[in-house]
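# I need the structure of the sequence given here:
(one chain, ligands or ions: 1)
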Amino acid sequence: MYEKCYKSLEPLFTVISEDGLTKTTLSTAVPQTIYCFFFGEVFLYLISNALFCSTGDKWRSRRKMITPTFHFTILADFLEVMNKQANILVDNLEKHVDKEPFDCFLDIALCALDIICETAMGKNVGAQNNRDSEYVRAIYKMSDLIHHRQKSPWLWSNLMYPMFQEGREQTRNLKILHSFTDNVIAEKAREVENDTQQKDDFDDNCEQSVPKRRRAFLDMLLSTTDDEGNKLSYMDIREEVDTFMFEGHDTTAAAMNWAIYLLGCHPEAQNKVHRELDEVFGNCDRPVTMDDLKKLRYLECVVKEALRLFPSVPFFARTTSEDCHIRGFKIPKATEVIVIPYVLHREPEIFPDPEEFRPERFFPENSKGRHPYAYVPFSAGPRNCIGQRFAQMEEKAVLAIILRRFWVETSQEREGLGLVGELILRPNKGIWIQL
Ligand code: HEM
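Residues are numbered from 1 along each chain as shown. All right, here's what the predicted structure looks like:
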């Protein structure tokens, strides 16, 4: 089913059925940017030319340069960070055991922030134990400003925005964020140079090997080159790192919170997760390994089902690059198409009783033959989420560590969540659980 509506003089289509996606947007060979203020331009101040906001050849070249950064072996190194930060989280949550219900949203979000800072920049900002640091406050202030601006048409003009108090606050916070990232990049560039120097020295001595340092996304961005051998400039690198910080933190934080909420509402599903965790870990509190993650199949289905019901990115947009037809409608070139996973994922013919939380839907035998675009929490096609594997790994690792330590309960009704579908789908009233 499609809804046709008009935004000023520009045609705009809403896609809420999976087969509409095949011909139009996600599989298009010429991915176009989100060119609608509502979706993309609010980010332009922060990450003006980064992968997320770029188009055409620029996007293609950037995507090619950045894709190897998310290689399996590199992700495997990040598991150490995920274990460390999730252990800090569970230590912080310990004080709530057998006490009154509490809102866990920020605790989980700060853990996600620590994970992305350390994996993207190689910098431990310690947000979980110092939520009042200038950098952490600036990150959250920017998120608030972006969400507020998105809902306030009078703030949309780039020319006028700096004249409002919000615009001035944005400038102040951006300065904090950019100068932090600039310093980290400069520090990291010096480390890389020292490592190269040390390696040369060690090679000359031929006796010892250089001690191995865990690489961050930033290390790889500093050395990656395009087809002509050009490196990314400092500014390019800063934009990509800032994108990872925003795209890779709010999204996973929301997803983990939703999964915890749903398990708290469904003790029978949580029991299955606990049984699986017992089988894999027994009584041992060793760190989670890549092998363990492969074995946690039921938990994986929980993560998928939570993203079906509460996709962190509830809608996204594309601009069609050529004329096309969907179910008899002509969609002209340059139409803005809005894809709404929140609605797509509730198609009863594909997901019977769509409001029910049933991780078993994602068992291989139950997913066989399902339309590939019926479930798109990470979008699909060439412009899909580059951080998908990272996100799934983080979610499983952190949830496994939480659930190995605690049994989660909640009495919060879905109606009491205060669901807000801004750039990220979040519970306005928090996620209230008991441990
Ligand atoms: C549960 C977690 C996540 C979800 C649900 C998610 C979802 C998405 C979606 C739907 C898109 C397409 C958006 C659009 O086209 O408007 C996207 C793009 C993107 N995501 Fe994610 N994401 C997640 C985590 C991450 C992480 C952890 C990172 C980085 C570390 C990341 C980096 C990106 C980037 C760079 C893009 C732009 C890709 C491009 O335009 O080529 N995401 N994500």
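# just give the closest residue to the residue of the stretch 101-250 of the chain found nearest the ligand, not the sequence neighbours.
With C-beta to the nearest ligand atom as the measure, G248 is the residue of the stretch 101-250 of the chain nearest to the ligand, at 3.0 Å. To be clear about C-beta, it is placed using only N, CA and C from the backbone, and glycine gets the same treatment. Nearest in space to G248, with sequence neighbours left out and distances taken as C-beta to C-beta, 6 or more residues apart in numbering, is I116 at 4.6 Å.
# average pLDDT across whichever strand or helix holds the one you found?
Counting by DSSP states H and E, the element that carries I116 is helix 105-120. In this model, helix 105-120 has an average pLDDT of 92.
# next one: it to chain centre, how far?
Here the centre of helix 105-120 is set off from its chain's centre by 11 Å, with C-alpha atoms, centre = their mean, to the nearest Å.
# what's the answer for stretch 364-371, then?
25 Å.
# do stretch 227-234 as well
26 Å.
# report the contact partners of the residue nearest to G248.
244-245, 248-249, 252 (C-beta atoms under 8 Å, 6 or more residues apart in numbering).
# as a markdown table, those residues with distance to L218 would be great.
Putting those into a markdown table (distance: C-beta to C-beta, whole Å) gives the following:
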| residue | distance to L218 |
| --- | --- |
| F244 | 9 |
| M245 | 11 |
| G248 | 13 |
| H249 | 15 |
| T252 | 19 |
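# ok, back up a step: so what's the residue of the stretch 101-250 of the chain closest to the ligand up against?
116, 120, 387, 390-391.
# try it again at 10 Å.
112-113, 115-117, 119-120, 217, 385-387, 390-391, 394 (C-beta atoms under 10 Å, 6 or more residues apart in numbering).
# considering only those, which also neighbour the ligand?
The residues of the contacts of G248 that also fall near the ligand, by C-beta under 6 Å from any ligand atom, are 385-387, 390-391.
# which residue is it, in the protein, that comes closest to the ligand?
Evaluated by C-beta to the nearest ligand atom, the chain has G387 as its residue closest to the ligand, separated by 2.2 Å.
# show me where the stretch 51-200 of the chain has helices.
If DSSP state H, counting those that start in this stretch is used as the criterion, the helices of the stretch 51-200 of the chain fall at 56-66, 72-93, 105-120, 134-150, 165-205.
# and the stretch 251-400 of the chain, which of its residues are near the ligand?
Residues of the stretch 251-400 of the chain lying near the ligand (C-beta under 6 Å from any ligand atom): 251-252, 255, 312-313, 316, 377-379, 383, 385-387, 390-391.
# looking at these, which is nearest D227?
Out of these, the one with the shortest distance to D227 is I386. That distance is 18.6 Å, counting by C-beta to C-beta.
# name the helix or strand for the closest one, please.
Counting by DSSP H and E, I386 is found in no helix or strand.
# ok, now which ones touch the residue lying closest to it once chain neighbours are set aside?
Nearest in space to I386, with sequence neighbours left out and distances taken as C-beta to C-beta, 6+ apart, is F70 at 6.0 Å. Residues near F70 by C-beta under 10 Å, 6+ apart: 217, 220, 386-390.
# now those residues in CSV, with neighbour count?
Converted to CSV, these look like this (neighbours: other C-beta atoms under 10 Å):
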residue, neighbour count
F217, 24
M220, 16
I386, 20
G387, 23
Q388, 13
R389, 14
F390, 24
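# biggest separation within those, which pair?
Comparing every pair within these by C-beta to C-beta identifies M220 and Q388 as the most remote, at 17.6 Å.
# surely L423 and D250 touch.
Yes - if you go by C-beta atoms under 10 Å, L423 and D250 touch, sitting 7.7 Å apart.
# now do the shared contacts for these two.
Each of 143, 146, 312-313 lies in contact with both L423 and D250 under the rule C-beta under 10 Å, 6+ apart.
# now for the residues you listed: which two are most distant?
Looking at the shared contacts of L423 and D250 by C-beta to C-beta, the two members farthest from one another are I146 and S312, with 15.1 Å of separation.
# before we move on, back to that, got a list of what the residue of the chain closest to the ligand touches?
With C-beta under 10 Å, 6+ apart as the criterion, the residues that contact G387 are 69-70, 75, 116, 120, 217, 243-244, 247-248, 251-252, 378, 393-394.
# show me which of those residues is closest to E191.
F217 (14.3 Å).
# since we're on the nearest residue to the closest one once chain neighbours are set aside, how many residues are nearby?
Closest residue to F217 apart from its sequence neighbours, by C-beta to C-beta, 6+ apart: A120 at 4.7 Å. Here the neighbour count serves as a burial measure; for A120 (other C-beta atoms under 10 Å) it reads 26.
# I'd say A120 and H249 touch.
Yes - with the criterion set as C-beta under 10 Å, A120 and H249 qualify as a contacting pair; they are 9.1 Å apart.
# follow-up on the earlier one: restricted to strands, list the residues of the stretch 251-400 of the chain next to the ligand.
Cross-referencing these against strands under DSSP state E gives F316.
# and the residues of the stretch 251-400 of the chain next to the ligand, which of them are in helices?
Among those, the ones falling in helices (DSSP state H) are 251-252, 255, 390-391.
# what's the most distant pair in these?
Counting by C-beta to C-beta, the most remote pair of these is A255 and F390, 12.0 Å apart.
# just how off-centre is the helix or strand E305 falls within within its chain?
Secondary-structure element containing E305, defined by DSSP H and E: helix 297-309. Centroid displacement of helix 297-309 relative to its chain, using C-alpha atoms, centre = their mean, is 15 Å.
# okay, it in CSV with CA atoms only?
Listed next in CSV are the C-alpha coordinates belonging to helix 297-309 (Å, rounded to 0.1, in the frame of the first residue of the first chain):
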residue,chain,number,x,y,z
ARG,A,297,21.2,-18.1,18.4
TYR,A,298,18.1,-17.4,20.5
LEU,A,299,19.5,-14.2,21.7
GLU,A,300,20.1,-13.2,18.1
CYS,A,301,16.4,-13.8,17.3
VAL,A,302,15.5,-11.6,20.3
VAL,A,303,17.7,-8.8,19.0
LYS,A,304,16.1,-9.1,15.5
GLU,A,305,12.5,-9.3,16.9
ALA,A,306,13.1,-6.2,19.1
LEU,A,307,14.4,-4.3,16.0
ARG,A,308,11.2,-5.5,14.1
LEU,A,309,8.9,-4.0,16.7
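# going forward can the numbers begin at 36, since that is how I track them
I'll keep to 36 as the first residue from here, and by that count the last item is helix 332-344.
# tell me what it is packed against?
Based on contacts counted as 3 or more C-beta pairs under 10 Å, 6 or more residues apart in numbering; DSSP states H and E, the elements that helix 332-344 packs against are helix 285-300, helix 302-316, helix 325-330, helix 376-379, helix 399-402, helix 423-440.
# F386 touches Y410, doesn't it?
Yes - the pair F386 and Y410 passes the contact test of C-beta under 10 Å, sitting 8.3 Å apart.
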